Structure formats: C-alpha cells, structure tokens
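Student: Let's see this in three dimensions:
(one chain, ligands or ions: 1)
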Amino acid sequence: MTYQTLLVEQRGAVTLVTLHRPQALNALNSQILADLLAAMAAFDADPSQGCAVITGSEKAFAAGADIKEMQAQGFADMYGHDFFAGWDRFTQTRKPIIAAVAGYALGGGCELAMMCDFILAADTAKFGQPEIKLAVSPGMGGSQRLTRAVGKAKAMEMCLTGRMMDAAEAERAGLVSRVVPTADLIDDAVKTATTIASMAPLAVKANKEMVNAAFETGLAMGVQFERRLFHALFGTEDQSEGMAAFVEKRHGVWTGK
Ligand code: HXC
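Tutor: The predicted structure is shown next:
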C-alpha cells in the first residue's frame, strides 16, 4: 500500500511510518490524517505487526496542523464538520504506537506525538503549542494531554506564550520517556518497538488499555479496571505459556490466544 503523505515500511514486526510532506515541515492536512488512519487500520489488522513507530524528518516531526488549509475556514465550517474529530479514530488504534520525535513538534505535531502511547525524543526535539500566536488554541487535544503530561504550570505557560520546550526539559517534565542522540533515534525506537512486539499480543493490548484508563478514571475505578483485565489475562493460552516458560527457564512462545 502506498500513501501520498507517508512512507510506510515493515521492519520485522514493527511498522515504521514516516510523515512525508517535507515542503510543509509535515504540517498535518486532511490527506495526512486520511493516510494515517488508513495506515493505522492496516497495522492494527495485520497479525504480523506488533508495534508501530511514527516519525518525521530530522527538522520536523510535524510543524502543526496545516495553517494554509485552515486559513479560510469559518466557525460554521469548523463546527459543522467537527474539524479534527477524525483524530479521535487515531487514538482508538489498539496496538501500541511510539512517537519518535526529532526537530519541531508544534501545535498539532505536539498533539499527534501525545496521541501516541509514548514519545522518544531526539536531542534536537522541540515541543510547543504556539496556536495562541495565530489567535487560536490547541484543537487536537493539546490543552488536555499536555496538562496531564506536564502539569498545569508548564502547560498553561506553553499554551499562553507559545514557548517551546526542548528535549531535556521535556524529559524532566515527563512529556517524553527518554532522550537519545538524533542519529540513534530511529534505531532506538524500532528496537524498543521490537521489544514490545515480542510480548504476548493480548497482554500488550491489556497493558495499553489499563495505562490509558488512568487518564479517564479516578484511582479506585482505575485500579479495579486494571485488576479485571489482569484477571482476564488468566483466561489466555499465553499466560499459561508465559508462566510455564519462566518456571522451565526458557522463552515463551506466544499464540496470541
Ligand atoms: C502550513 C507550514 C506550517 C504549518 C510550516 N509550514 N509550518 N505550512 N502549516 N503549520 C510551511 C511554511 O509555510 C513554509 O512553506 C515551509 O513549511 C517551511 O517553513 P518555514 O517557516 O520557512 O521554516 P523555518 O523558518 O525553519 O521555521 C520553522 C517553524 C515555522 C518555526 C516550525 O515553520 C513555524 O512557526 N511554523 C508554524 C508553527 C505553528 O504555528 N504550528 C501550529 C499550527 S496551528 P513555504 O511554502 O513558505 O516554503 C495548529 C493548531 C491545531 O497546529 C488546532 C487549532 C487550530
């Protein structure tokens, strides 16, 4: 399958998706959204694939939603078509997605990175929500996900001033899981994704769901949700295999059942 705005390749069990609109620093237009939704649906449906990596170029992961596409729109267009609602489907991908960010991740680019399950950052990465400078605001979840990731003080400062956060600050603030040298970013991300893809698939889905539940529920409900999914994993063949393999001092071989 080929896409107008993406390069997609499979590296073993890892789907590597490269945003590819270099002329616009990977600004997220409707075509990128359509291509990403199709690529993620194909990834989710392919049993040979266990984890995805989304990356951009060395200069820009993505410099935002496409300002030129939005420029002429009015309230009726935006509200009437529920502009950006399609991105909710991206977050419904059930297998894990790692954002591998080098360079600018601004506005919608930062929001896309935060819609992924975690962010690995190159030392050149820069995160920001500069929409205020365009007299608008985040529209793909940034005000919510950034606040949950880094807390109110930094999120509010970034949304109100448009200030960018560099990779070191993003790691200190908990926005990214790790910072790596730019030259190692893709290899590190693919290696991390390969590790995830080597785990029992149902357990991977359950772990993703329960961590994400922490964003949606209070503590008692979240802990109960975790425990119920944990119980459910004891109904899988892979749980029997995983525990037997540990006791027999060998690696587990998963059936995905
Ligand atoms: C459309 C964009 C773009 C964007 C860059 N380009 N960002 N096109 N939408 N978000 C285009 C430029 O117009 C230019 O095209 C080309 O990419 C290269 O960009 P330059 O500005 O020339 O590069 P540089 O000087 O290196 O500056 C890089 C930059 C700057 C700092 C990242 O491009 C920038 O500030 N971009 C906008 C960042 C931003 O405001 N993002 C938030 C968008 S709103 P040409 O044709 O001139 O060569 C958003 C909101 C979502 O995401 C929800 C609410 C609406």
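Student: got a list of what residue 1 touches?
Tutor: Contacts for residue 1 (Cβ atoms under 8 Å, 6 or more residues apart in numbering) come out as 8, 38, 39, 42. Placement of C-beta: from N, CA and C, glycine included.
Student: If any of those residues are buried, put those into a ChimeraX selection.
Tutor: In ChimeraX syntax, the buried subset of the contacts of residue 1 is picked out as below (16 or more other Cβ atoms under 10 Å):
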select :8,39
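Student: Determine which two of the contacts of residue 1 are furthest apart.
Tutor: Across the contacts of residue 1, the longest distance by Cβ to Cβ is 9.6 Å; it joins 8 and 38.
Student: Can you name the residues that contact the nearest residue to residue 54 once chain neighbours are set aside?
Tutor: What sits nearest to residue 54 in space, not counting adjacent residues and going by Cβ to Cβ, 6 or more residues apart in numbering, is residue 17, at 4.8 Å. Contacts for residue 17 (Cβ under 8 Å, 6+ apart) come out as 6, 7, 8, 36, 39, 52, 53, 54, 55.
Student: Make sure the fourth one is actually in contact with residue 15.
Tutor: If I follow you right, that is residue 36. No. The pair residue 36 and residue 15 does not pass the contact test of Cβ atoms under 8 Å, sitting 11.6 Å apart.
Student: Just the ones of the contacts of residue 1 in strands?
Tutor: Mapping the contacts of residue 1 onto strands (DSSP state E) picks out residue 8.
Student: From the contacts of residue 1, pick the one nearest the ligand.
Tutor: Nearest to the ligand, judged by Cβ to the nearest ligand atom, of those is residue 39 at 20.4 Å.
Student: how much space between the closest one and residue 31?
Tutor: Distance check for residue 39 against residue 31: by Cβ to Cβ, to the nearest Å, it reads 12 Å.
Student: Not counting stretch 232-250 itself, show me its contacts.
Tutor: Looking at what lies outside stretch 232-250 - Cβ under 8 Å, 6+ apart - the contacts are 200, 201, 202, 203, 206, 251, 252, 253, 254, 255, 256, 257.
Student: Mind telling me what element the fourth one is part of?
Tutor: Spelled out, it's residue 203. If you go by DSSP states H and E, residue 203 is part of helix 201-213.
Student: Sort out which residues of the helix or strand immediately after that helix in the chain are buried, please.
Tutor: Counting by DSSP H and E, the element after helix 201-213 in chain order, helix or strand, is helix 219-233. Using 16+ other Cβ under 10 Å as the test for burial, helix 219-233 gives 222, 225, 226, 229, 233.
Student: so whatever helix or strand comes next after helix 219-233 versus helix 201-213, what angle?
Tutor: Of the helices and strands lying after helix 219-233 in sequence (DSSP H and E), the nearest is helix 237-247. Angle, helix 237-247 to helix 201-213, by axes from the mean of the first three to the mean of the last three Cα atoms, to 10 degrees: 100 degrees.
Student: Next, the buried residues of helix 237-247.
Tutor: For helix 237-247, by 16+ other Cβ under 10 Å, it's 238, 239, 241, 242.
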